[in-house]
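S.K.: Quick check, what structure comes out for this input:
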Amino acid sequence: MNYITLNDGNKIPAVGFGVFMIPADGSTYKAVLEALKVGYRHIDTAAAYFNEAEVGKAVRDSGITREEIFVTSKLWLQDYGYEAAKKGIDASLSKLGLDYIDLYLLHQPYGDVAGAWKALEEAKAQGKIRSIGVSNMTPKLYTELTADFATKPAVNQVECNPLFQQKALREVLAKDDVKLEAWYPLGHGDKSLLKNPAITALAEKYGKNAGQIILRFEVQEGFIVLPKSTNPERIKGNIDIFDFELTAEEMDTIRALDTGKGSHDPEAPGVGEMLLNNYKIHD
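M.R.: So this is what the prediction gives:
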């Protein structure tokens, strides 16, 4: 496993296991246990995924020491603001059943971001959280919202894949040595990406599948990737990307696929209100 050093000195595994939209009916528990069994050491959940409890149980039941597993969760919009965020952090810790969370993110860039961030900084100082970061921040939102932060985020978790490489954002983040974490690293099953001739040709050359070529490209670019699957074979395959390396020319070929457009625009009017109305994590 490759590790990336964050700007606070903590190390994060370059490939994590995402659990977004995996139900909390035992499916998350089973998938996380499987992921840990085949070598993942980084699990990414969130309060708004409603499966923190199953993630925590799988981590505890895995037989792997807690220090070896990097756990990420995220604060939901409903708990933004300083006092609400303090309760939200404690709720995540309680649901996970863990003494600390390795990385905790502000899940969305709306509402009282400054108050919520202050609570994250405080929780970090208290040892409840090891690293803190943000998510879904565009260059504009990142620049505006983090300007007054006392602590720079360790990561910004955003949509990113070969069709949407976040080049402008990466330039902004690089100034603060903030690492990019990629959600939808495989383009959410986009056939135009997975069946792209440039990708399939490399898959054939290296004896890998299209997903493995894409994830290898992203890791070589310095991204932290969070592929998600409940299929044991796919779970195993998504981490089997460290026995080959793409050449400089091959990297350039994939870089040329960038369209500059993703499926989600955090700056679109009303996104914050829509998310808050559609996802209630408590009364």
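S.K.: Now residue 88: closest residue in space, sequence neighbours ignored.
M.R.: residue 79 (3.1 Å; CB to CB, 6 or more residues apart in numbering). Backbone N, C-alpha and C define where each C-beta goes, glycine included.
S.K.: gap between the one you found and residue 172?
M.R.: 26 Å (CB to CB, to the nearest Å).
S.K.: Between the two, point out the one with more neighbours.
M.R.: Set residue 79 next to residue 172 and count neighbours by other CB atoms under 10 Å: residue 79 wins out with 25 against 18.
S.K.: thinking the more buried one is in contact with residue 87, fair?
M.R.: Yes - if you go by CB atoms under 8 Å, residue 79 and residue 87 touch, sitting 6.6 Å apart.
S.K.: my guess is residue 49 contacts residue 19, does it?
M.R.: Yes - Residue 49 lies in contact with residue 19 (CB under 8 Å); the separation is 6.0 Å.
S.K.: If you count surrounding residues, which of these two has more?
M.R.: When residue 49 and residue 19 are compared for neighbours, residue 19 comes out ahead with 27 against 24, by other CB under 10 Å.
S.K.: That one: what's it in contact with?
M.R.: With contact taken as CB atoms under 8 Å, 6 or more residues apart in numbering, residue 19 is in contact with 28, 31-32, 43-45, 49, 51, 55, 228.
S.K.: State the pLDDT value of it.
M.R.: As predicted, residue 19 sits at a pLDDT of 97.
S.K.: measure it to residue 46 for me?
M.R.: In this view, residue 19 and residue 46 are 8 Å apart by CB to CB.
S.K.: Which residues does the helix ranked longest in the chain contact?
M.R.: When the chain is parsed with DSSP state H, its longest helix is helix 82-96. Contact with helix 82-96 is made by 45, 47, 52-53, 55-56, 59, 71, 73, 75-76, 78-79, 99-101, 104, 112, 115-116, 118-120, 122-123, 128-129, 282, as judged by CB under 8 Å, 6+ apart.
S.K.: Which members of those are classed as buried?
M.R.: 45, 47, 52-53, 55-56, 59, 71, 73, 75-76, 78-79, 100-101, 104, 112, 116, 118-120, 123, 128-129 (16 or more other CB atoms under 10 Å).
S.K.: Give me the subset of the residues you listed that lies in strands.
M.R.: Residues of those located in strands (DSSP state E): 71, 73, 75, 101, 104, 129.
S.K.: List phi and psi for residue 166.
M.R.: Residue 166 has phi and psi values of phi 60, psi 40 when expressed as degrees, to the nearest 10.
S.K.: Show me what the one helix or strand in the chain whose mean pLDDT sits lowest packs onto, helices and strands only.
M.R.: One helix or strand of the chain scores below all others by mean pLDDT, DSSP states H and E: helix 191-194, with a mean of 91. When contacts are defined as 3 or more CB pairs under 8 Å, 6 or more residues apart in numbering; DSSP states H and E, helix 191-194 packs onto helix 210-220.
S.K.: Contacts for the helix it packs on, please.
M.R.: Defining contact as CB under 8 Å, 6+ apart, one finds that helix 210-220 is touched by 2, 14-15, 160-162, 182, 185-187, 193-196, 199-200, 202-203, 206, 208, 225, 227, 234, 237-238, 240-241, 244-246, 251, 254.
S.K.: if you look at the residues you listed, which of them are in helices?
M.R.: Per DSSP H, the subset of those in helices is 193-194, 199-200, 202-203, 206, 234, 237, 251, 254.
S.K.: What subset of those residues is buried?
M.R.: Buried residues within the ones in helices among the contacts of helix 210-220, counting neighbours by 16+ other CB under 10 Å: 193-194, 199, 202-203, 206, 237, 254.
S.K.: so who does residue 57 touch?
M.R.: 29, 97.
S.K.: Try it again at 10 Å.
M.R.: 26, 28-29, 32-33, 95-97 (CB atoms under 10 Å, 6 or more residues apart in numbering).
S.K.: for residue 75, same thing?
M.R.: Per CB under 10 Å, 6+ apart, neighbours of residue 75: 46-48, 84-85, 88-89, 91-92, 104-108, 116-117, 119-120, 123, 132, 135, 281.
S.K.: again, only using 7 Å
M.R.: Contacts were defined as CB atoms under 7 Å, 6 or more residues apart in numbering; by that measure residue 75 touches 47, 85, 88-89, 104, 106-107, 116.
S.K.: Please identify the one among those residues that lies nearest to residue 39.
M.R.: Proximity of the contacts of residue 75 to residue 39 (CB to CB) peaks at residue 104, which lies at 24.0 Å.
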